[in-house]
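Visitor: My questions are about this predicted structure, shown below with the sequence.
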Amino acid sequence: MKNLLLLLSISIFMGCVQTTQVSDMKYDVDFPFENGVSMEETSVDPMGNVFTYPEGEAGITGQTAQWEKGFESGWHYHPYTGVAYVVRGELTVKFDENTALDDLDGEKTVTKEQVFGPGSAFLGVANTWHKSSSTGDEDLIFQVTWLGEKGQPVKVSSN
């Protein structure tokens, strides 16, 4: 019985020590957000398109990206809307509203440009050719959760 009490005491002590170590950990996080709502009941993306749910079986894909200053994606489009949030840096998106989606080889022309800074939350534009770049003074970190269809790609790239 005495050994059992000793073992129980040691277990409790070790649990307390580990809990103290975990709770004392500090994280160097410089995210530009506060607790609360970052995007409230929006149904329109930055291009003015009304959000619609996909027709097939729902599939959600979450992505986090870190791009060095100056990085630029190629021309692409997303068949689905995404919920986007810029954690750090600056995201510039250049859109081509005129080129047909099935024109993978055609030359694209910028018809509109939008810039999103730290803390920006917005709906990612569906079915419009665009290219994105990290244009701020620091690396870009952003997250997108695509509201798509199960088993379908969330990105189509130009050739």
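Guide: Happy to help now that I have it. Numbering: from 1, shown residues only.
Visitor: helices and strands of the chain: which one has the lowest mean pLDDT?
Guide: Every helix and strand in the chain was compared by mean pLDDT, DSSP states H and E; the lowest is helix 2-23, with a mean of 41.
Visitor: Kindly provide the distance from the most centrally placed residue in the chain to Y77.
Guide: By Cα atoms, centre = their mean, the chain has its centre lying nearest to Q143, at 1.3 Å. Here Q143 is placed at a distance of 19 Å from Y77 (Cβ to Cβ, to the nearest Å). The C-beta positions use only the backbone N, C-alpha and C, and glycine is treated the same way.
Visitor: where along this structure do the strands fall?
Guide: In the chain, the strands defined using DSSP state E lie at 58-67, 76-77, 82-88, 91-96, 112-116, 121-124, 129-134, 140-149, 156-157.
Visitor: Quick one: mean pLDDT over the last one.
Guide: Spelled out, that is strand 156-157. The pLDDT scores in strand 156-157 average 97.
Visitor: wait, which of the strands of the chain is closest to D103?
Guide: Across the strands of the chain, D103 has its closest neighbour in strand 129-134 (8.4 Å, Cβ to Cβ).
Visitor: list the helices and strands the closest one packs on?
Guide: Applying 3 or more Cβ pairs under 8 Å, 6 or more residues apart in numbering; DSSP states H and E, one finds that strand 129-134 contacts strand 76-77, strand 91-96.
Visitor: 10 Å instead, please
Guide: strand 58-67, strand 76-77, strand 91-96, strand 112-116, strand 140-149 (3 or more Cβ pairs under 10 Å, 6 or more residues apart in numbering; DSSP states H and E).
Visitor: Looking at the ones you listed, which is nearest to S132?
Guide: strand 91-96 (4.9 Å).
Visitor: wait, which of the helices and strands packed on strand 129-134 is closest to F122?
Guide: Proximity to F122 (Cβ to Cβ) singles out strand 112-116 among the helices and strands packed on strand 129-134, at 6.4 Å.
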